[in-house]
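A.B. asks: Sequence first, then the predicted structure, then my questions.
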Protein chains: 2
Amino acid sequence: MTLSVHPVTGIGEILPGDDIASKVLDAMAGGGIALANGDIVVVTHKIVSKAEGRLVEVVTDDDYRALAASEAAQVLRRKGAMIIAVTRHGFVCANAGVDRSNVPGNGAVMLPVDPDRSAHRLRTRWERATGARLAVIVTDTFGRPWRRGLTDVAIGVSGIDPILDLKGTTDGSGHLLEVTEVAIVDEIASAADLVMGKAANIPVAVVRGLDWERGEGRATDLVRPASEDLFR
Amino acid sequence: MTLSVHPVTGIGEILPGDDIASKVLDAMAGGGIALANGDIVVVTHKIVSKAEGRLVEVVTDDDYRALAASEAAQVLRRKGAMIIAVTRHGFVCANAGVDRSNVPGNGAVMLPVDPDRSAHRLRTRWERATGARLAVIVTDTFGRPWRRGLTDVAIGVSGIDPILDLKGTTDGSGHLLEVTEVAIVDEIASAADLVMGKAANIPVAVVRGLDWERGEGRATDLVRPASEDLFR
């Protein structure tokens, strides 16, 4: 099975109140992409947040820091002006997900209030419009401890189980697998980022050809409970 | 630009001393994959380690734990029988990268001694055999703090800069990007894992269609210096 990842171009700037479900479908049509059964639509949260009005005018660095602090449920570490914080959703990331890149003027964008719900709304719209069985993943770009560089991960999920549980399956040698939980939606988010790029202004990609399981999981299922986390 | 990820099937079991460069090329030929300029070949470290003899007979759980301890340069945390350790390469992972899945009998496999060098050797062989300009990424499956589930990451790299540095580039709004370093080889590793799977016994995939920069970086460049790490 060959996997393919298709960038969706021509979506244009998104403003508060915009109907991104329609705008993305129009852009897909313009690019010759017809959604089909099994397609996974990956959407950077930026356009979701903008459409949902999670965008504020920020003039100063102090305002930006105050905004990050107000979005944080818990601050784990500070480094200069940056905080590593737990968001209300439970995600751990820099500045509680508040970001200034890809925002017009001096604005800043926050994470969607409920990215799983945002993903669900988009999936429902796109499934109705196309008749295809889809999954939708809303992404953000997170840093990690120990490793330099950022990767895209899932912060909202609809239609797919975020964890692929291989428990009880055997490997090529016939042994039960020890490694049982694959964060498949994070791997899909990273694959999609390869065609979206940070500078290319392509906020949506379609991942096609993956054998995935229909599920009702949420991205917040990916949050490791603090009690099980060795690095807080 | 559409990205495609092609699994390479039919490689078969790898034994110590095997010439995996040849075996993989043969399998590609059998599957109709002809390497071309710009292709990135992603190889799970398991077959590299096996071919390099980094495979030991382990009979008991105690032996396994002793092996993990002997592979660790530093132990960061313990949880039951598992350690989270820094390997000699600088990677932070469970059991210092010693793994028992996908190993015949009761064996365990260690990480390659120098995965960057392993990647370089494979790239040289494949470039000579095909005349194509390639990159090679050797991967392992790592857990992360804060997020459940595992993802594949790069532990060996040849021919490509592991970090895509966007410093000085502007986003779609004309602003300088704040997020400047993308761990592109980790995103490629994750994309490849989507077609390889943990249970499918497909240890190699070809990533095609990505616009990447030729470079001489090493996967160890991804190691965040301990002095800059907030979570050790």
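C.D. replies: Yes, it's here. Residues are numbered from 1 along each chain as shown, chains lettered A, B, ... in the order given.
A.B. asks: Could you give the bridge partners of the residue nearest to A:V8 when sequence neighbours are not counted?
C.D. replies: Closest residue to A:V8 apart from its sequence neighbours, by CB to CB, 6 or more residues apart in numbering or on different chains: A:V204 at 4.0 Å. From N, CA and C alone the C-beta is placed, and that goes for glycine too. Per DSSP bridges, the residues bridged to A:V204 are A:V8, A:V43.
A.B. asks: And for A:F142?
C.D. replies: A:T151.
A.B. asks: Can you give me the pLDDT of the residue nearest to A:T2 when sequence neighbours are not counted?
C.D. replies: Spatial nearest neighbour of A:T2, excluding adjacent residues (CB to CB, 6+ apart): B:H6 at 5.2 Å. At B:H6, the pLDDT value in this model is 97.
A.B. asks: what residues go with each domain of chain A?
C.D. replies: The record's domain parsing of chain A by automatic domain parsing lists A:4-54+A:112-223, A:56-108.
A.B. asks: Identify, out of those, the most deeply packed stretch.
C.D. replies: Of all these, domain A:4-54+A:112-223 has the most neighbours on average by mean count of other CB atoms under 10 Å in any protein chain shown, namely a mean of 20.
A.B. asks: Distance across that one, terminal residue to terminal residue?
C.D. replies: Using CA to CA, to the nearest Å, the end-to-end distance of domain A:4-54+A:112-223 comes out at 28 Å.
A.B. asks: helices or strands up against the helix-or-strand element of chain A with minimal mean pLDDT?
C.D. replies: Lowest by mean pLDDT, DSSP states H and E among the helices and strands of chain A is strand A:164-165, with a mean of 88. With contacts taken as 3 or more CB pairs under 8 Å, 6 or more residues apart in numbering or on different chains; DSSP states H and E, strand A:164-165 sits against strand A:181-182.
A.B. asks: Run the contact check for the biggest helix by length in chain A versus chain B.
C.D. replies: In chain A, ranked by residue count with DSSP state H as the criterion, the top helix is helix A:115-130. No: if you take CB under 8 Å from any CB of the partner chain as the test, helix A:115-130 misses chain B, and the best it gets is 14.3 Å.
A.B. asks: Distance from that helix to the middle of the chain?
C.D. replies: 14 Å (CA atoms, centre = their mean, to the nearest Å).
A.B. asks: ditto for stretch A:35-44
C.D. replies: The mean C-alpha position of stretch A:35-44 is separated from the chain mean by 13 Å, CA atoms, centre = their mean.
A.B. asks: which residues are contacting it?
C.D. replies: A:20, A:24, A:28, A:119, A:122-123, A:126, A:130, A:132-140, A:152, A:160, A:188-189, A:192, A:196, A:203-210, A:212 (CB atoms under 8 Å, 6 or more residues apart in numbering or on different chains).
A.B. asks: Average pLDDT for it, rounded please.
C.D. replies: 98.
A.B. asks: hang on, the earlier thing: okay, the domains of chain A in JSON lines with distance to B:T180 next?
C.D. replies: Shown next, in JSON lines, are the domains of chain A (distance: least, CB to CB, whole Å):
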{"stretch": "domain A:4-54+A:112-223", "distance to B:T180": "8"}
{"stretch": "domain A:56-108", "distance to B:T180": "9"}
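A.B. asks: hmm, back to that, how far away is the residue nearest to A:T2 from A:V182?
C.D. replies: 20 Å (CB to CB, to the nearest Å).
A.B. asks: Likewise for A:T139?
C.D. replies: For A:T139 relative to A:V182 (CB to CB), the value is 17 Å.
A.B. asks: Would you confirm that A:G30 contacts A:I11?
C.D. replies: No: contact criterion CB atoms under 8 Å: A:G30 and A:I11 do not qualify, at 9.5 Å.
A.B. asks: element containing the residue positioned nearest the centre of chain A?
C.D. replies: Geometric centre of chain A, nearest residue: A:T139, 1.2 Å, by CA atoms, centre = their mean. Assessed by DSSP states H and E, A:T139 sits inside strand A:135-142.
A.B. asks: now that strand and helix A:115-130, what's the angle there?
C.D. replies: Using axes from the mean of the first three to the mean of the last three CA atoms, to 10 degrees, the direction of strand A:135-142 lies 140 degrees away from that of helix A:115-130.
A.B. asks: packing partners for strand A:135-142?
C.D. replies: Helices and strands touching strand A:135-142, by 3+ CB pairs under 8 Å, 6+ apart, are strand A:40-44, helix A:45-51, strand A:92-94, helix A:115-130, strand A:151-158, helix A:184-196.
A.B. asks: Nearest approach to A:V59 belongs to which of these?
C.D. replies: Closest to A:V59 of those is helix A:45-51 (CB to CB; 18.5 Å).
A.B. asks: what sits up against the closest one?
C.D. replies: Under CB under 8 Å, 6+ apart, the answer for helix A:45-51 is A:11, A:14-20, A:55, A:99, A:102-103, A:109-112, A:115, A:118, A:122, A:138-140, A:155-156, A:203-204.
A.B. asks: Any stretches of chain A with poor pLDDT?
C.D. replies: Applying pLDDT under 70 to chain A flags residues A:101-105, A:168-179, A:198-200.
A.B. asks: Pretty sure the residue nearest to A:T2 sits in a helix.
C.D. replies: No: counting by DSSP: H, G, I helix; E, B strand; the rest coil, B:H6 is not found in a helix; it is strand.
A.B. asks: Is it correct that it is in contact with B:A192?
C.D. replies: No: because the distance of 9.4 Å does not satisfy CB under 8 Å, B:H6 is recorded as not touching B:A192.
A.B. asks: Mutual contacts of those two, please.
C.D. replies: B:A205, B:V207.
A.B. asks: three-state assignment of A:A85?
C.D. replies: Once three-state DSSP is applied, A:A85 turns out strand.
A.B. asks: which residues touch it?
C.D. replies: A:A68, A:E71, A:A72, A:A73, A:Q74, A:V75, A:L76, A:V92, A:C93, A:A94, A:N95, A:A96.
A.B. asks: List the contacts of stretch A:125-133.
C.D. replies: With CB under 8 Å, 6+ apart, stretch A:125-133 has contacts from A:21-22, A:24-25, A:34-39, A:41, A:134, A:136, A:159, A:214.
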